[in-house]
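# structure for the following, please:
(chains A, B and C)
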Amino acid sequence: MNETKFQLKIDEEKKIEPKDWMPDAYRKHLIRQISQHAHSEIIGMQPEGNWISRAPSLRAKMILLAKVQDEAGHGLYLYSACETLGVSRQELIQQLHEGKAKYSSIFNYPTLSWADMGAIGWLVDGAAIVNQVSLQRTSYGPYSRGMIKICKEESFHQRQGYEIMAELAKGTPEQKEMAQDALNRFWWPSIMMFGPNDGDSPRSGNAMKWKIKRQTNDELRQNFIDKTVQQAEVIGLTIPDPDLKWNEERGHYDFGEMNWDEFWSVVNGNGPCNKQRLDHHIKAHKDGKWVRDAAKAYSEKHLN
Amino acid sequence: MNSLLKYVLRISDTSLITGQRISEWCSKGPTLEEDIALSNIALDLFGQANGFLEYASKIDKNKTADDLAFKRNEREFFNFKLAEQPNGHFGNTIVKLFMLSAYNSIFYNELSKSNDETIAALSAKSLKEVKYHLKYSKSWMIRLGDGTNESNFKVQESLNSLWQFTGEFFESDEVENEMNSNGIGIINASMKERWNIIINNTLQDSKLIRPIDGYMQTGSKKGIHTEHLGHLLSEMQYLQRAYPDAKW
Amino acid sequence: MTEESLVWEVFIQSKNGLAHKHVGNLHATDKEMALQNARDLYTRRNEGSCIWVVKSKDIVSSESEDVEAFFDPSNDKMYRHPTFYKMPDGAKHI
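Numbering: from 1, shown residues only, chains lettered A, B, ... in the order given. Sure thing, here's the model as predicted:
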């Protein structure tokens, strides 16, 4: 009975709120998806944070710092939304540290040059935007509202990245090479952000039925590629896919096959930065324990 | 070097170097909320640095603000030595920030009455931000000082170590005297009493002991720094130095 | 101190004269930290002139099972809405 009422609400595009009845599987799916989204934002601070101290101008430094700060904020909105489902931030962080929760694999790649800041903003945030715009219409209220807020802030992120790439592409030969090299390294991992092909995606069925997910992996991936090819052309950089070709019949770009071995390898913990990212997060958390304890102790003494 | 230029660079450099240190906390904060708070503070400081460097650039006429930030060497920077000290643990950073913000809250307040319009305007704007930094760092001094035995010990230790850098706040030299006689700047020694009041009140609420004045570091007004600045600049200036022909 | 008591809900008044709006929540151990964190987290783009923070556990909410009993009775009293009434043509200021 409850299940029927619930599905009816979903079908009528009504939002599910924290105190509403929901199937246990729906709750569990959301906790997994929202928390992994949150973890991604937080872990994502590291590869970009890597270049704050070396940003090549005052303006670039401030913009990058503001962007990374936004990512922290997004993580916070998402942890908040997740907590409404009856799980604490503490538990979620523990799951991350124990390797029980995942985060977006793209952040398991290192940022080796300043141009990587451009590539990440343009491609990774670009891909995230495609995904997030779609998620604004997700069925769970707090998640939907979180996504709307995030989307508002996200578009500056992509512009920041694209601007960096554009400037480098028209700079010295070394700068242009730096930009092309970053594109070469980040293109495929960005495409892989959309996950496995629809046929190979185990949880898609329920996610679509419950309107947690509004479009499929392949739809979103195609959307992103179609947009980005033109952007690369405008700034004179080459996308490293020899099979990339406009298909007049489909009205979309055809593109090459992804390296699924690499994809699953990195997802399962064997990427260049997996250990480093997690160690960094664990260390920050451990190093901060005495501070958190002190704040709690102070508060208890003064019964605020 | 022109006295006004030097005076302005002292201000911009302290903001820039402090900002650079605080921004190192990004993704390393004890909580997400503090990560965001510290980034905000760093952004304020970079904004202040940028404002004063733009003005310095106008006075200099040859170099841009970025040139001044990324192409001067260690002996040409005039920030307080305190600014370049490594962050250490969160408590150590808070002590640094607190002592510096207490100073700046008085300094910018005075300078907002400067005869130099640009300095007055920049100072008035910076003052609003610094008041917040002071409030923030003060709250944390108290939480950590009056938190657990461990936190009190750690912060006391930091306070004891960093105290030697506070002498520089109240030194004067010929540049300052000149600025003061033109109604542009103030004599730093005149701020000591007010600074002490802020410090002492907070230390009391934090259950911390004020260190006894011992050896006081000096020299940054003449570009003499601790060994830390060189490493900080190597990192900060790397791209501009590695690609001298490039525009960013 | 339980994990639950660490969570605060944040309400922002974006402009003088408007009502406060719920924008989300955050973690803090005292009310000063909650206010400062709220300011850093939710007003970076000038979104606020006044902030309220309330401990999540102090918020009392109507239950969603009661929704029909709680809210529907106000739904059929259309006479409370000005558009319910038919006004003679030509009458002004009414």
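# could I get the full set of strands for chain C?
Remark: strands assigned in chain C by DSSP state E are C:7-13, C:21-27, C:50-55.
# which parts of the shortest one are buried?
Using 16 or more other C-beta atoms under 10 Å in any protein chain shown as the test for burial, strand C:50-55 gives C:51, C:53, C:55. For glycine as for every other residue, the C-beta is placed from the backbone atoms N, C-alpha and C.
# give me the pLDDT for the nearest residue to residue A:236 once chain neighbours are set aside.
Nearest non-adjacent residue to residue A:236, counting by C-beta to C-beta, 6 or more residues apart in numbering or on different chains: residue A:169, 5.2 Å away. Per-residue pLDDT puts residue A:169 at 96.
# is it true that residue A:169 touches residue A:233?
No. Counting by C-beta atoms under 8 Å, residue A:169 stays clear of residue A:233, with 11.1 Å between them.
# between these two, which is the more surrounded one?
Remark: of residue A:169 and residue A:233, residue A:169 carries more neighbours, 21 against 11, as counted by other C-beta atoms under 10 Å in any protein chain shown.
# residue contacts, the more buried one?
A:175-176, A:179-180, A:235-237 (C-beta atoms under 8 Å, 6 or more residues apart in numbering or on different chains).
# among those, name the buried ones.
Applying 16+ other C-beta under 10 Å to the contacts of residue A:169 flags A:175-176, A:179-180, A:235, A:237 as buried.
# what's the neighbour count on residue C:56?
Residue C:56 - counted by other C-beta under 10 Å - has 15 other residues nearby.
# residue contacts, the nearest residue to it once chain neighbours are set aside?
Excluding its sequence neighbours, the residue lying closest to residue C:56 (C-beta to C-beta, 6+ apart) is residue C:7, at 4.3 Å. Residues in contact with residue C:7, defined by C-beta under 8 Å, 6+ apart, are A:83, C:25-27, C:55-57.
# circling back: distance of the residue nearest to residue A:236 from chain C?
According to C-beta to the nearest C-beta, to the nearest Å, residue A:169 and chain C sit 30 Å apart.
# from residue C:57, how far out is that residue?
When distance is defined by C-beta to C-beta, to the nearest Å, residue A:169 is 54 Å away from residue C:57.
# swap in residue C:30?
15 Å.
# same question for residue B:16.
For residue B:16 relative to residue C:57 (C-beta to C-beta), the value is 44 Å.
# compare the two (neighbour count), which wins?
Neighbour comparison, residue B:16 and residue C:57: the larger count goes to residue B:16, with 26 against 13 (by other C-beta under 10 Å).
# what helix or strand does the more buried one sit in?
Assigned by DSSP states H and E, residue B:16 belongs to helix B:3-23.
# just to revisit the earlier point, now, among the contacts of residue C:7, which is nearest to residue A:57?
residue C:26 (32.5 Å; C-beta to C-beta).
# the closest one contacts residue C:8, correct?
Yes. Here residue C:26 lies in contact with residue C:8, judged by C-beta under 8 Å, at a distance of 5.9 Å.
# many thanks, we can stop here.
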